[in-house]
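Novice: quick one, what's the 3D model for this:
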Amino acid sequence: MANLIVVCGPQAVGKMTVAESLRDKLKYNMMMNHDSIEMSDKIFGFDTPAQREFNSYFREKAFELAVKHNVDLLFTYVCAFDMQEERDYLESLRALFEKDGGHFYFVELSATLETRLLRNETPHRMERKASKKDVEWSKANLLKDVERYKLNTDEGESWFENHLKIDNTNLEPDEVADLVIKEFGLVPNEKEEKEYRFGV
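Specialist: Next comes the predicted model:
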C-alpha cells in the first residue's frame with residue numbers, strides 16, 4: 001500500500017517548503033510539479049508539444065511506480081478549481097492509490113497575494129526551480145493566473161474526504177506540516193535518509 005499526499009495551491013503559496021517539511025517529518029518521497037516541468041523543459045524546450053507530453057508521462061510513470069513498489073509519495077500541484085478536467089485528474093490519482101489499499105490526502109494552501117509575491121522571490125524557490133529565476137516573468141505569470149483561474153476552493157467547499165485547507169500566510173512550513181500530520185493521524189516511515197531524499 002502506498003499513500004499520496006497532494007500539496008496544492010497557487011504559485012508561491014509555499015507548497016514546496018511545506019512538502020519538504022512533511023517529507024522530512026514523515027520520511028515520504030517527494031515529487032514537485034517542477035521536477036517534471038524542469039526536466040521536460042531541459043530536453044524539449046519551454047512549453048512545446050513534446051515538453052507537455054513528456055511532462056505528463058513523467059508524472060504518470062512516477063505515480064504508477066510508487067503504487068507498484070509501495071512508496072509513500074508527496075506531490076505538489078497547482079490546481080484550477082474551476083476546471084472539471086482538474087478534478088477528474090485528481091480523482092484519478094485518488095483512485096490509483098486507494099485501489100490497492102493506500103490513502104489519498106489533499107492539502108490545500110492559501111495565502112494573501114502580497115505574501116505570495118514576496119515568496120515568489122525567495123532564493124530557495126529560484127534555486128529549486130530554474131524557470132522561476134526570471135522574476136519579472138514569474139511575477140507576471142502569477143498575476144495573470146490570479147485573473148484567469150480559480151486557484152483555491154470557496155469557503156466550505158471540499159473535493160475529497162481527506163481535504164484540509166490551511167491559510168499559511170502567517171505560518172512557518174513546519175507549523176503547517178504539523179497541522180497536516182495531526183489532522184490525518186499520519187505516522188512516520190522507518191527509512192534511511194538516502195531512501196527518501198537522496199541528493200537533495
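Novice: looking at this structure, which strand is longest?
Specialist: Ranked by number of residues, the top strand in the chain under DSSP state E is strand 104-110.
Novice: which other helices and strands does that one contact?
Specialist: Secondary-structure packing of strand 104-110 (3 or more CB pairs under 8 Å, 6 or more residues apart in numbering; DSSP states H and E): strand 4-8, helix 15-26, helix 84-98, strand 163-167, helix 173-184. All C-beta spots, glycine's among them, are computed from the backbone N, C-alpha and C.
Novice: contact partners of the following helix or strand past that strand?
Specialist: As assigned by DSSP states H and E, the chain's next helix or strand after strand 104-110 is helix 113-119. Helix 113-119 is touched from outside by P10, Q11, A12, V13, G14, A111, R125, K139, L142, V146, T169, with contacts defined as CB atoms under 8 Å, 6 or more residues apart in numbering.
Novice: so for helix 113-119, what gets flagged as buried?
Specialist: T115, R116, R119 (16 or more other CB atoms under 10 Å).
Novice: now do stretch 94-114
Specialist: Judged by neighbour count using 16+ other CB under 10 Å, the buried positions of stretch 94-114 are 94, 96-97, 102-111.
Novice: do the same with stretch 144-164
Specialist: For stretch 144-164, the neighbour count (16+ other CB under 10 Å) marks Y149, L151, N152, T153, W159, H163, L164 as buried.
Novice: could you export those residues as TSV, including distance to K182?
Specialist: Converted to TSV, the buried residues of stretch 144-164 look like this (distance: CB to CB, whole Å):
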residue	distance to K182
Y149	30
L151	25
N152	22
T153	21
W159	21
H163	15
L164	10
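Novice: can you redo these as CSV with pLDDT, distance to K42 and secondary structure?
Specialist: Shown next, in CSV, are the buried residues of stretch 144-164 (pLDDT from 0 to 100; distance: CB to CB, whole Å; DSSP: H, G, I helix; E, B strand; the rest coil):
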residue, pLDDT, distance to K42, secondary structure
Y149, 96, 26, coil
L151, 97, 26, coil
N152, 98, 30, coil
T153, 98, 33, coil
W159, 97, 33, coil
H163, 98, 34, strand
L164, 98, 34, strand
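Novice: of all those residues, which comes closest to P49?
Specialist: Y149 (21.9 Å; CB to CB).
Novice: ok, now how distant is the nearest residue to that closest one once chain neighbours are set aside from L26?
Specialist: Closest residue in space to Y149, ignoring its immediate chain neighbours: A80 at 4.0 Å, by CB to CB, 6 or more residues apart in numbering. The gap separating A80 from L26 is 28 Å, by CB to CB, to the nearest Å.
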